[in-house]
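S.K.: my questions concern the predicted model and sequence given below.
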2 protein chains.
Amino acid sequence: MRDQKVKVITSKNVEDNIDNGTEGSYVENVNIGMFGFGYVGRAVFSLIQNQKGYLSKKIRRNLCVKTIVVKDVKKKRPIVDGLENVKISDNPSDIINDESIDIVIELIGGIEPAYQLVMEALSKGKYVVTANKDLIANRGRELFKAAEENNVDILFEGSVGGGIPIIGPLKSSLASNKISKIVGIINGTTNYILTRMEKEGLAFEDALRKAQELGYAEKANPSSDIEGDDAACKLAILASISFNSRIEYKDVYREGITRITIDDIENAREMGYRIKLIAIGSEEDGKISVRVHPALIPEDHILSSIDGANNAVYVYGDYVGEVMSYGRGAGDRPTASSVVGDIIKIARNFDRKRKGMIYGCTCFETKELKSIDETVSRFYVLMDVTDRPGVLAKIAKVFGDNNVSIKSMVQKQTRHEGVARIVFITHDVVNKNMYSSIEQISRLDVVDRVLNIIRVEDLGK
Amino acid sequence: MRDQKVKVITSKNVEDNIDNGTEGSYVENVNIGMFGFGYVGRAVFSLIQNQKGYLSKKIRRNLCVKTIVVKDVKKKRPIVDGLENVKISDNPSDIINDESIDIVIELIGGIEPAYQLVMEALSKGKYVVTANKDLIANRGRELFKAAEENNVDILFEGSVGGGIPIIGPLKSSLASNKISKIVGIINGTTNYILTRMEKEGLAFEDALRKAQELGYAEKANPSSDIEGDDAACKLAILASISFNSRIEYKDVYREGITRITIDDIENAREMGYRIKLIAIGSEEDGKISVRVHPALIPEDHILSSIDGANNAVYVYGDYVGEVMSYGRGAGDRPTASSVVGDIIKIARNFDRKRKGMIYGCTCFETKELKSIDETVSRFYVLMDVTDRPGVLAKIAKVFGDNNVSIKSMVQKQTRHEGVARIVFITHDVVNKNMYSSIEQISRLDVVDRVLNIIRVEDLGK
């Protein structure tokens, strides 16, 4: 209640006001314009409609969706209660140039035209709420600059982890901490696929098909999920906030899960690990490492218990220690929960005459990035070799020559006579040394093939 | 940045400013007074000192601890960097009547004199931050009224779950949801005791002693933890926010863990459950049920994996679905993380001339409480009976007469000949029917004794 006027609105008369159906007489409206009206858009609209009285009491303002701009006004749409009072238009100017609209929700997705529309909204002094990870991870710098210049803000809780509160907590409750590391399972599709592979022994392709049937993975082009691009966008967003330095999508190293086999999952399990697609951001010696890749993680770590389409983000702060947020990582209703949560953050103390930042941009430093070559990890290596004495010595020599130190080696059963399948786990290795050792090992005549190399992350501080 | 003046402070010049050691020339100070200087107080002070430059860049204000009021100024204290610039006093008026102090941190604990001091601070238009669960759970109503009348706010993230962000998320990122249920493991001491009992086969008394040795449980009087009082205060706070209706400590039903034996833990384990002290708040048909008690929870539910002194809060919202926050539930540094997080929420947009609420009180409804007698649960019942035909029929008849329906019955080994130990699991039962059946069963001549009854919670919606 930064506006003194609002002091007259006590809980009591807000309640009377709304319960009597006379909302608006004491309580100010906050007007909303929405770009895009797909699944998430409809869920956001329904939430605001269904919970109108409840939200008015909570934030002491009425949320009012005034205009929705869509590509094609003539397209058949499901009937949504309350939509009859909303202007549906295909002209962005109906939102951008409507001075009564205070908050713009962008739910188009992708970079263009979303970027252009959001920039225009900011330039008109409108607050922006978006769930668009591509937009923030690729154009964050320009957007926050525009928001600040126009004395407003852009909020984006829904862009990472669906309904899980993570951006808000990083920007406020946890903001007192210096964060050294953040580890997320932030792509539900790949986590669903890996869970089904593990629990039911499905091959990757079959688990992917199940995910597509259930709508977790895109049918036409599932690559954004399974190649780690989706998680990379989300990590760029989380790392920018955690390390106070702008990280973009292109900065994030990424490897997907297409090479993971049931064999790898079983080998990991036997050694006390599970395989997850993880997104890790860490700061070491002032340099930032950001990478998305499958990894073996200890089965007794709480991140190992994140199954199916769920997401979790694990944060290491210097005062708070280790904290984690967990929940459904996608879906129209969870995302709507975050989008309307952001609207609440803006609307609660809204005063048209005194705008300003909510959290503001916190990328006040410019930190160097660590290349994946410099990064240090442990590795799981699976290879088929000729089953005869002296082979291990040859392989071990190459590892040794490349400064790769081996922690354990186990020989597995194979179906082919004369071939031995071997699992190595390394100690910490500089990644480029690992790559060169594998390249050399692949060329040894005693090595049939290197089937896979996967990082091992113990998730310590 | 609700204050237009602040527009001149760009990230760039804040940075110059602070890096050159000339902080304060552009950036406004937010002055803090602190009541109490124990473990948490020192951690809060150190955090603000150690992260001064970092926090200034983040919130574009300087946090300045001006005065600390303690009971005894002559008491020997550990040397803390930066304390030489702070006024240490035993006179509360040095904070209350200092008009330059904007935020008061209350870290005395307990209800009095904390309540009196906080009320005075609010009446002077100062914001208050506290980690005092007793204060909020017993005097919340009066405090929020006073805060609102004085157009300020009182924040208390540190009062529940140490450093875990849960109150902030409930009040903002998740605020769009109607919450039907909240389940927490919010007492680290009892969770530590139950974990050691389970993992090492320790008896309750031995595990308690370990907890006391490690400082997790109070030596003189551990009852607040082990009897569920601490968790009840925290649940009162979480439930008030979740259900928008004031719940006080006295409203919460509570049972501690002193009756839990290794036998119970093993029996639970065999049936796929673990025993945890849980705090449950739920809303059914407009009535609120709030209760703290041990319970068998499914071992494959993520709350089962919360071990040792960790805490977790699981929330069921109508849009977000199920989300959980997890972390270290106590300790000076995690609590300091939350306290300074709250200071950041106030300071970020602070404008001395335009105060107002941050979240405000959200208890705008008055909902009825459901008594424990009316509550419906499943139960685990362990009893020793005479080992001869016909006994089960007698017991089953009493259960049946009281509308208690049995889901499963297993006979266990006992060391005494002629005595059979039996575990029953019931279907859903109205609690008062359960109590009356147990009372009647205890009086049967074929029943040696009822060893324990513990609720079973499947943690579904």
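M.R.: It's in.
S.K.: quick one: name the residues of the stretch 151-300 of chain A near chain B.
M.R.: By the rule CB under 8 Å from any CB of the partner chain, the part of the stretch 151-300 of chain A lying against chain B is A:151, A:157, A:162-165, A:167-169, A:172-178, A:244. To be clear about C-beta, it is placed using only N, CA and C from the backbone, and glycine gets the same treatment.
S.K.: restricted to buried residues, select the residues you listed in PyMOL.
M.R.: Paste this into PyMOL to select the buried members of those, with burial taken from 16 or more other CB atoms under 10 Å in any protein chain shown:
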select buried, chain A and resi 151+157+162+163+164+165+167+168+169+172+173+174+175+176+177+244
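S.K.: who's in contact with A:Gly327?
M.R.: Taking CB atoms under 8 Å, 6 or more residues apart in numbering or on different chains, we find A:Gly327 in contact with A:161-164, A:310-312, A:334, B:320-324.
S.K.: how about TSV for the residues you listed, with distance to A:Asp94, secondary structure and pLDDT added?
M.R.: As requested, the contacts of A:Gly327 are arranged in TSV below (distance: CB to CB, whole Å; DSSP: H, G, I helix; E, B strand; the rest coil; pLDDT from 0 to 100):
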residue	distance to A:Asp94	secondary structure	pLDDT
A:Gly161	32	coil	96
A:Gly162	29	coil	95
A:Gly163	30	coil	96
A:Ile164	33	coil	98
A:Asn310	39	strand	96
A:Asn311	35	strand	97
A:Ala312	40	strand	98
A:Pro334	29	helix	97
B:Val320	31	coil	97
B:Gly321	34	strand	97
B:Glu322	38	strand	97
B:Val323	35	strand	98
B:Met324	41	strand	98
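S.K.: out of those, who's the most crowded?
M.R.: A:Ile164 (33 neighbours; other CB atoms under 10 Å in any protein chain shown).
S.K.: mind listing what that one touches?
M.R.: A:Asn311, A:Ala312, A:Val313, A:Ser325, A:Tyr326, A:Gly327, A:Arg328, A:Gly329, A:Pro334, A:Ser338, B:Val320, B:Val323 are the contacts of A:Ile164 under CB under 8 Å, 6+ apart.
S.K.: A:Gly109 touches A:Gly36, doesn't it?
M.R.: Yes: using CB atoms under 8 Å, A:Gly109 makes contact with A:Gly36 at a distance of 7.1 Å.
S.K.: quick one, which of those two is more surrounded?
M.R.: For A:Gly109 versus A:Gly36, the count of surrounding residues by other CB under 10 Å is larger for A:Gly36: 22 against 15.
S.K.: what ranges does the stretch 1-150 of chain A have for its helices?
M.R.: With DSSP state H, counting those that start in this stretch as the definition, the stretch 1-150 of chain A shows helices at residue ranges A:11-19, A:39-50, A:52-59, A:93-96, A:114-123, A:133-149.
S.K.: let me have those in TSV, adding mean neighbour count as columns.
M.R.: Rendered in TSV, the data for the helices of the stretch 1-150 of chain A read as follows (neighbours: other CB atoms under 10 Å in any protein chain shown):
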stretch	mean neighbour count
helix A:11-19	16
helix A:39-50	21
helix A:52-59	20
helix A:93-96	18
helix A:114-123	20
helix A:133-149	20
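S.K.: which residues sit in contact with A:Gly331?
M.R.: Taking CB under 8 Å, 6+ apart as the definition of contact, the neighbours of A:Gly331 are A:Gly162, A:Gly163, B:Gly321.
S.K.: separation between it and A:Val40?
M.R.: 9 Å (CB to CB, to the nearest Å).
S.K.: give me the neighbour count for A:Glu439.
M.R.: The burial metric for A:Glu439, expressed as a neighbour count using other CB under 10 Å, is 12.
S.K.: please, which helix or strand holds it?
M.R.: With elements delineated by DSSP states H and E, A:Glu439 resides in helix A:431-442, which encompasses its position.
S.K.: rounded mean pLDDT for that helix, please.
M.R.: Predicted confidence along helix A:431-442 averages 97 (mean pLDDT).
S.K.: list the buried residues for the helix or strand following that helix?
M.R.: With elements assigned by DSSP H and E, the helix or strand that comes after helix A:431-442 is strand A:447-456. Residues of strand A:447-456 classed as buried: A:Val447, A:Asp448, A:Leu451, A:Asn452, A:Ile453, A:Ile454, A:Arg455, A:Val456 (neighbour count, 16+ other CB under 10 Å).
S.K.: what strands line up against strand A:447-456, and which way round?
M.R.: According to DSSP bridges, strand A:447-456 forms sheet pairs with strand A:287-298 (parallel), strand A:376-386 (antiparallel).
S.K.: relative orientation of the last one and helix A:431-442 in degrees?
M.R.: What separates the directions of strand A:376-386 and helix A:431-442 is an angle of 0 degrees, with axes from the mean of the first three to the mean of the last three CA atoms, to 10 degrees.
S.K.: just checking, next helix/strand downstream of strand A:376-386?
M.R.: Sequence-wise, the next helix or strand beyond strand A:376-386 is helix A:391-401, with elements assigned using DSSP H and E.
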